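Q: one predicted model, sequence on top.
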Amino acid sequence: MNSFTLIFLLFLVVSSIVEFWLSARQKAHVLNHRPAVPEAFKASIPLETHQKAADYTIEKNKFSNLESAIGIMFLLVLTLGGGIDTAFKLWADFDLAPMLKQLGAVGTLFLVMTVFEIPASFYQTFVIEEKYGFNKSTVGQFFKDQAMSLGLATIIGMPLFALILWVMDSVGDSWWIWAWAILISFSLLMSWLFPTVIAPLFNKFTPMEEGALEERIQTLLERCGFHSEGIFIMDGSKRSGHGNAYFTGLGNNKRIVFYDTLVNSLEDEELEAVLAHELGHFKCKHVIKMLVASSVISFISFAILGWLINEPWFYTGLGVAIEQKSNAAALMLFMLVSPVFSAFMQPISAYFQRKFEFEADSFAAEHAQASKLISGLVKLYKENANTLTPDPLYSAFHYSHPPAAIRIAHLESKMVS
């Protein structure tokens, strides 16, 4: 142990206490408001539906606390408990090139972390989601998805990791600038490829059939000056009963995607309003702003890592013997512990995300009917069992979208104006 160990533990303890306190507030607030539907929703949401959403939220909250507690212990096992150190020691005994030893240790650690997360995901899907009628997946589909995700992470992630390690070994002290540029370029490439290469591996995307809905949407796109490579219906119902809509891709590879569950739930005018909201994100340049913010944060992160990587106390303070000091070990340590130190940035990120949602709603109110967006959102709150009464402080930390009552009131003000 050294001073950095104590700093790491202090941040971990404080951030964990804050997180469990916020979680307790959320549970108490939702439970206290369970007996009655909020006044703004009494005409549109039955008491039974409101109470189902409260129970669903509380059950997810309890399980999230358990996951967090286990995750903290697992993090300590990997770091101060010597898990990362053991992986690199194990691969150090093999008669391989240094690069292959580092990749082997990293691959082993990622495999362990992936396997560690599967039971929680399984329980979430086949116990909680099943209990509330949302799960549509099968056990076979679940494990197929896990295998495909692991395979893609290996095929795509390991070469990227190897390239970054090569840069770290080859270009001197400025390696972190090159590594940052590689990572940003890779992220942009993946965003461009995702709609046509990655996503179809997991879901079927069917072009929207010609008809009243397709014509309405095309008219909206022309009105908003938006060009896409197509409007697609995704078979989200094969895994979940939750509904959603989004646009994805970059440049000339943009797609508009509706979950089939959403299309089956909303009226045409409501779907038009929901899409207008999504287009609002594009027209207000939220995607670009988020990319810029992400790029700046990752640049700062690489700069910090560029300093830490040469400091022995960084390794020994997190359970890695100085004999195992390597670029790969530094990357693994940094990826694991940086969330602990950045936890208090959550409310700042959530604030800007909610601000973007308000702006997208305002755009939708200008180019579609605000009343139809409201009715569509209310249906989604009902069908997705979203609580109408989150704790204000908890939502300030964790909600990327404004709470239901605040969001509806904002849209109603647009109708009045």
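A: Structure's in. What do you need?
Q: need the helices for the stretch 101-250 of the chain, in chain order.
A: 130-131, 139-152, 158-170, 175-193, 212-224 (DSSP state H, counting those that start in this stretch).
Q: reformat these as JSON lines; add mean neighbour count, mean pLDDT and distance to residue 283.
A: (C-beta placed from N, C-alpha, C; glycine too.) Compiled in JSON lines, these are given as follows (neighbours: other CB atoms under 10 Å; pLDDT from 0 to 100; distance: least, CB to CB, whole Å):
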{"stretch": "helix 130-131", "mean neighbour count": "13", "mean pLDDT": "94", "distance to residue 283": "39"}
{"stretch": "helix 139-152", "mean neighbour count": "13", "mean pLDDT": "93", "distance to residue 283": "32"}
{"stretch": "helix 158-170", "mean neighbour count": "16", "mean pLDDT": "92", "distance to residue 283": "32"}
{"stretch": "helix 175-193", "mean neighbour count": "16", "mean pLDDT": "91", "distance to residue 283": "18"}
{"stretch": "helix 212-224", "mean neighbour count": "15", "mean pLDDT": "85", "distance to residue 283": "6"}
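Q: quick one: the ones you listed as CSV, columns for distance to residue 32 too.
A: Output for those, formatted as CSV (distance: least, CB to CB, whole Å):
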stretch, distance to residue 32
helix 130-131, 23
helix 139-152, 35
helix 158-170, 47
helix 175-193, 42
helix 212-224, 41
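Q: any idea which of those gets closest to residue 101?
A: The closest of the helices of the stretch 101-250 of the chain to residue 101 is helix 158-170. By CB to CB, the value is 10.8 Å.
Q: let me know the angle separating that closest one from helix 175-193.
A: Computed with axes from the mean of the first three to the mean of the last three CA atoms, to 10 degrees, the direction of helix 158-170 lies at 160 degrees from that of helix 175-193.
Q: show me what helix 158-170 is packed against.
A: Under the contact criterion of 3 or more CB pairs under 8 Å, 6 or more residues apart in numbering; DSSP states H and E, helix 158-170 touches helix 98-123, helix 175-193, helix 327-341.
Q: in this protein, where's the longest helix?
A: The residue-count maximum for a helix in the chain (DSSP state H) belongs to helix 47-78.
Q: and it with helix 98-123, angle?
A: Relative orientation of helix 47-78 and helix 98-123, computed by the same axes, to 10 degrees: 150 degrees.
Q: average pLDDT for helix 47-78, rounded please.
A: The average pLDDT for helix 47-78 rounds to 96.
Q: packing partners of that helix?
A: helix 3-32, helix 98-123, helix 327-341, helix 370-384.
Q: JSON lines for those, including mean pLDDT and mean neighbour count?
A: Converted to JSON lines, the helices and strands packed on helix 47-78 look like this (pLDDT from 0 to 100; neighbours: other CB atoms under 10 Å):
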{"stretch": "helix 3-32", "mean pLDDT": "96", "mean neighbour count": "16"}
{"stretch": "helix 98-123", "mean pLDDT": "94", "mean neighbour count": "16"}
{"stretch": "helix 327-341", "mean pLDDT": "94", "mean neighbour count": "19"}
{"stretch": "helix 370-384", "mean pLDDT": "91", "mean neighbour count": "21"}
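Q: a markdown table for the ones you listed, including distance to residue 188?
A: Shown next, in a markdown table, are the helices and strands packed on helix 47-78 (distance: least, CB to CB, whole Å):
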| stretch | distance to residue 188 |
| --- | --- |
| helix 3-32 | 31 |
| helix 98-123 | 23 |
| helix 327-341 | 20 |
| helix 370-384 | 31 |
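Q: tell me which of those helices lies nearest to residue 39.
A: Nearest to residue 39, of all the helices and strands packed on helix 47-78, is helix 370-384, at 14.0 Å by CB to CB.
Q: distance from the chain centre to the closest one, please.
A: 23 Å (CA atoms, centre = their mean, to the nearest Å).
Q: report the inter-axis angle for it versus helix 47-78.
A: Angle, helix 370-384 to helix 47-78, by the same axes, to 10 degrees: 70 degrees.
Q: who does helix 370-384 touch, helix- and strand-wise?
A: Counting by 3+ CB pairs under 8 Å, 6+ apart, helix 370-384 packs on helix 47-78, helix 260-265, helix 268-283, helix 346-367, helix 404-416.
Q: which one of those helices is the most hemmed in?
A: Highest mean neighbour count among those (mean count of other CB atoms under 10 Å): helix 268-283, with a mean of 22.
Q: what mean pLDDT would you report for it?
A: According to the model, helix 268-283 has a mean pLDDT of 90.
Q: what's it in contact with?
A: For helix 268-283, the surrounding residues in contact (CB atoms under 8 Å, 6 or more residues apart in numbering) are 212-213, 216-217, 220-221, 224-226, 245-247, 256, 258, 262-263, 266, 287, 356, 359-364, 367-370, 372-373, 375-377, 379.
Q: following element in sequence after it, please.
A: Following helix 268-283 in sequence order, the next helix or strand is helix 286-308 (DSSP states H and E).
Q: got the buried residues for the next helix or strand after that following helix?
A: Next helix or strand after helix 286-308 toward the C-terminus (DSSP H and E): helix 312-316. For helix 312-316, burial by neighbour count (16 or more other CB atoms under 10 Å) applies to 314-316.
Q: closest one to residue 300 out of these, please.
A: residue 314 (16.7 Å).
Q: next one: that closest one from residue 206, what distance?
A: 50 Å (CB to CB, to the nearest Å).
Q: what does residue 133 give?
A: Distance from residue 133 to residue 206, counting by CB to CB: 25 Å.
Q: how about residue 111?
A: Residue 111 is 35 Å from residue 206, by CB to CB.
Q: and if you look at residue 385?
A: Counting by CB to CB, the gap from residue 385 to residue 206 is 27 Å.
Q: kindly report the same for residue 401.
A: 27 Å.
Q: who's more crowded, the two?
A: It is residue 401, of residue 401 and residue 206, that has more neighbours when counted by other CB atoms under 10 Å, with 18 against 10.
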